[in-house]
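*Asks:* After the sequence you'll find the predicted model.
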Amino acid sequence: MTPTNCATGTLAPYAPTSDMPWDERRVMHLYRRLGFGATPAELDSGLNQHPSALVDALLDQAMALPLPPEPEWSNWPISRYTNEEEAVLQIFAWRRRWVSDMLAHGPREKLALFWHNHFVTRLEGYGCPSYMYQYHKVLQQNVLGNFREFLKAIGTTPAMLVFLNGVQNTRFNPNENYARELYELFTLGRDNGYTQQDIVQTARALTGWNALTEYCGPISFFPLTFDPGQKTIFGRTGNWDYNGVHELLFAQRGALIANYICRKIYRTFVSPQIDEAIVNELASIFIQHDFEIAPVLRTLFKSDHFFSDANIGVLVKSPLELLITFLREGGFEIDWRDEWLDGLIYLASELGQELFNPIDVAGWQGDRLWVNNNTLTGRWQALRFVLFTVFQNYPQQLRHLARVRSENSNDADYIAEVLTDHFLPNGLQTADEYDWATLAFKSEIPDHYFRDGSWNLDWETVPIQVALLIDHLIRRPEFQLM
């Protein structure tokens, strides 16, 4: 039995009401889905903006954000290396760069991570730092661009040509691997609107991208290996080539593509329970705008449906979302060292999300599959390690978080409540659960200090008190949700 999506609302712009107020909960919901959480400053700023204006601002910033500086090794072939360690260090450096960007520029990098998990390549399958960088650059350039052009660009990146065997696909020995995934994973979905014969003929149309003089070097089109013969795809016969087969695909299967991509967007950013009517409307918008991604996302993230109570706190955070969102929402301004960034990358990898190495060609399946008996314990331990690192190196930032969120209250119950609601998308469900959170916050401090009002946020114990409360919350199931 397929679970029913109980969310209300349409794709009409969300207008705050007394039943659906524009409050901290909904601002955090937007930032968690369209980024990696909101810092306290972003949260306060967001509360003072109209929801639609904030969505536009976040997407506009993502579109205008300059690309990171190109590394000197961006085009290095294998002959430029003197040892294997040099390449490994470059890969580590670029992973650090991406995680740094996630910490600083949530929306673009959240979308880049989404497309990384859609147009999957695996570094283990091609091994070149230059190919990794070039592939990542295409992701960042196209996160909000035209999906048709994005698809064309990604298919000729060396990472994709090697990973899915396009570089081996010639008129003399066609390889069907990329043609199959072009339909099954990238545009249509399994067994949806194509046949095995379409795959065979499409592989012929995609031949010719074989000009490689040195491993890790550029891969370009080589006319002699292209199959110039007639091909019949989707019932249409012609001398289809790389561009031609993409144009044919969108002309003949545009409605199926739009629905498939919009379903994936909905499942990733809204809810695992698909609302078919909403997906169909998004697909129509996608087609109306000639497969531009931005109008679809603007409509979705501004919508009354997106902000419905039933869509808040229903997705499980990926490992990177779990760790980075915690750091951002805590407002922890950390002077990042390479070893700390490497630590985040390592923890995420241990929890199943290794950057540039999704689990297989279908990508990380996400949501509830992130959590099982083994990984849940690991997620707690990873968060506690990050929390301990913050406490050891930046204890006063824990005090600052309590001050900002409580407006410098000296009411321990209230402080525990607002910090709980800050980190948990729907808070806690019962008064007893809030009492337990308060007990964790009060720690071993005698209760009479709280009763007589002598305790306040200036006390030396406050950083450890905040840390103990967060440690208590980390082990709540709700902490895994967004």
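*Replies:* Received the coordinates, thanks.
*Asks:* For the one helix or strand S45 maps to, give the mean pLDDT please.
*Replies:* Per DSSP states H and E: S45 is located in helix 40-47. Summarised as a single mean, pLDDT over helix 40-47 is 97.
*Asks:* what's the following helix or strand after it?
*Replies:* helix 51-64.
*Asks:* And that next one, how far out from the chain middle?
*Replies:* Between the centre of helix 51-64 and the centre of its chain there are 17 Å (Cα atoms, centre = their mean, to the nearest Å).
*Asks:* quick one, it and helix 40-47 angle?
*Replies:* Calculated by axes from the mean of the first three to the mean of the last three Cα atoms, to 10 degrees, helix 51-64 forms an angle of 130 degrees with helix 40-47.
*Asks:* What lies in contact with helix 51-64?
*Replies:* The contact list for helix 51-64 (Cβ atoms under 8 Å, 6 or more residues apart in numbering) reads 13-14, 16, 22, 26-27, 30, 34-35, 46, 49, 105, 107-108, 111, 143-144, 294, 297-298, 301-302, 307. C-beta: built from backbone N, CA, C; applies to glycine.
*Asks:* which residues of the stretch 101-250 of the chain score low on pLDDT?
*Replies:* For the stretch 101-250 of the chain, no stretch is flagged by pLDDT under 70.
*Asks:* so where do the strands sit in it?
*Replies:* 231-233, 236-238 (DSSP state E, counting those that start in this stretch).
*Asks:* export those strands to CSV and tack on mean neighbour count and distance to R475?
*Replies:* Formatted as CSV, these follow (neighbours: other Cβ atoms under 10 Å; distance: least, Cβ to Cβ, whole Å):
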stretch, mean neighbour count, distance to R475
strand 231-233, 20, 54
strand 236-238, 12, 58
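*Asks:* now for those, which one comes closest to L387?
*Replies:* Shortest distance between L387 and these, using Cβ to Cβ, is found for strand 231-233: 54.4 Å.
*Asks:* Show me what the closest one packs onto, helices and strands only.
*Replies:* helix 196-205 (3 or more Cβ pairs under 8 Å, 6 or more residues apart in numbering; DSSP states H and E).
*Asks:* and the helix it packs on, what does it pack onto?
*Replies:* helix 177-181, strand 231-233, helix 242-269.
*Asks:* if we go to 10 Å?
*Replies:* With contacts taken as 3 or more Cβ pairs under 10 Å, 6 or more residues apart in numbering; DSSP states H and E, helix 196-205 sits against helix 177-181, strand 231-233, strand 236-238, helix 242-269.
*Asks:* Format the strands of the stretch 101-250 of the chain as CSV; extra columns: distance to V279.
*Replies:* Listed next are the strands of the stretch 101-250 of the chain as CSV, based on distance: least, Cβ to Cβ, whole Å:
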stretch, distance to V279
strand 231-233, 26
strand 236-238, 28
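*Asks:* Q381 is nearest to which of the ones you listed?
*Replies:* Closest among the strands of the stretch 101-250 of the chain, once you apply Cβ to Cβ, is strand 231-233, at 50.8 Å.
*Asks:* List the strands paired with the closest one, with their directions.
*Replies:* Sheet pairing for strand 231-233, assigned by DSSP bridges, gives strand 236-238 (antiparallel).
*Asks:* Highest average neighbour count across the helices and strands packed on helix 196-205: which stretch is it?
*Replies:* helix 177-181 (a mean of 21; mean count of other Cβ atoms under 10 Å).
*Asks:* Can I get that one in CSV, CA atoms only?
*Replies:* Extracted in CSV, the C-alpha atoms of helix 177-181 (Å, rounded to 0.1, in the frame of the first residue of the first chain):
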residue,chain,number,x,y,z
ASN,A,177,25.8,1.6,-21.2
TYR,A,178,25.3,5.4,-21.4
ALA,A,179,22.3,5.1,-23.8
ARG,A,180,20.6,2.9,-21.3
GLU,A,181,21.2,5.2,-18.3
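*Asks:* by contact count, what packs against that helix?
*Replies:* In terms of contacts (3+ Cβ pairs under 10 Å, 6+ apart), helix 177-181 is packed against helix 158-163, helix 196-205.
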